[in-house]
Structure formats: C-alpha cells, structure tokens
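Q: model this:
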Amino acid sequence: MQLSDVVLALGEDSFLQLLKTVSIGKLRTYQLFERFKVRAHLHKLNSETLRKAGPRLWARISERDEEFAQDLAQAMLVSHLDMIRAALDFLGIPNQDGFFAKDLDAPKYLTEGWQQRVWDALNEKFPRPALLFYINHLAWELQKEAPLFQP
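A: Numbering: from 1, shown residues only. Modelled structure (predicted):
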C-alpha cells in the first residue's frame, strides 16, 4: 500500500475538509511551511490559497505522487497533534507530544483490532476525516501491508 492510497481512501470531500484544518502556524513551528509551499506549487501559502488549491492537490494525489503525499501527510498530521497524542496514549505507545522514537518497536502495540478500538474511543472527540487518516497513516507507517481501515 502506498501513502497516496491512504489519502485517496478518504475520498475527495473528506480530503478537502481535512485540508481546511491544516494549521499554517504549525507548519511554521515545525519548519514545514516553505517545503510544503514549494511541494504544493503555491506562490503564497495561507488558508485561502490552500483551500482553493484543494482540487488541484487532489489531482496530484490521484496521480500517485508519493513524495507530495508524504509532505501533504506531514502538513495534515502536525495540525492534529492533540489527536495523535490521544491515539498513541490510548494504544500505550510511548511518545513525546505525539512523536515516538524511531527505534521504538511500535508495531508490537498494534494488537488485533486496534484500528476499530482507536476509532471507537476517539471518533466523537476529533474530526472524523483526520482520525481516519491518522489510523490508516499509522498502519501504513508501522504495518506496511495492513489493509485500509474503513469504519
């Protein structure tokens, strides 16, 4: 499974909703602003230009631009660190503000049915497109061959 598959599984409407939640401030904080602006082919990056570029960005993801999918995923995920923290804490995965150590054996925390348990616990607390994307992103990152989760 590729990361573009994870994004495409959201569907275009959910993708556009999720794009609206990208925090320009968080992109700056995590030094992703310039890189994302360049990778998104935007001369100016703000909430309005990002919203307007949504259909064009969806088209790029549909073409399976994996490098862009990774930058886009970072932009969407750093905007939801509170949700990521809650999911990792729920799963018992040691983390520091939503980030876990690269040498951590995190897959061992993903026991049978973990996606549904995370969904059931958090889907009322966080935006559904963001949570669904993160659950599938975490599976893509740690389990590589995991099937897409659809609640």
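Q: What's the local residue count around the nearest residue in space to residue 56 that is not next to it in sequence?
A: Leaving aside its chain neighbours, residue 56 sits nearest to residue 41 (8.0 Å; criterion: Cβ to Cβ, 6 or more residues apart in numbering). To be clear about C-beta, it is placed using only N, CA and C from the backbone, and glycine gets the same treatment. Number of residues near residue 41 (other Cβ atoms under 10 Å) recorded here: 11.
Q: roughly how far apart are residue 41 and residue 49?
A: As judged by Cβ to Cβ, to the nearest Å, residue 41 and residue 49 stand 11 Å apart.
Q: same check, this time on residue 88
A: Taking Cβ to Cβ, one finds residue 88 at 32 Å from residue 49.
Q: what's the answer for residue 16, then?
A: In this view, residue 16 and residue 49 are 14 Å apart by Cβ to Cβ.
Q: okay, those two: which has more neighbours?
A: Remark: of residue 16 and residue 49, residue 16 carries more neighbours, 16 against 13, as counted by other Cβ under 10 Å.
Q: Domains of this protein: list them as residue ranges, please.
A: 3-78, 81-143 (automatic domain parsing).
Q: So for the first one, mean pLDDT?
A: Model confidence over domain 3-78 averages 95 on the pLDDT scale.
Q: what's the answer for the shortest one, then?
A: Confidence for domain 81-143, expressed as mean pLDDT, is 93.
Q: surely residue 39 meets residue 69?
A: No. Using Cβ atoms under 8 Å, residue 39 is not in contact with residue 69, being 10.0 Å away.
Q: What is the distance between stretch 75-93 and the centre of its chain?
A: Its chain's average C-alpha position is 10 Å from that of stretch 75-93, according to Cα atoms, centre = their mean, to the nearest Å.
Q: what's next to that stretch, contact-wise?
A: 18-19, 21-23, 26-27, 29-30, 32, 36, 95, 97-98, 100, 104, 106, 109-110, 114, 117-118, 121-122, 125-127, 130-131, 133-135, 137-138 (Cβ atoms under 8 Å, 6 or more residues apart in numbering).
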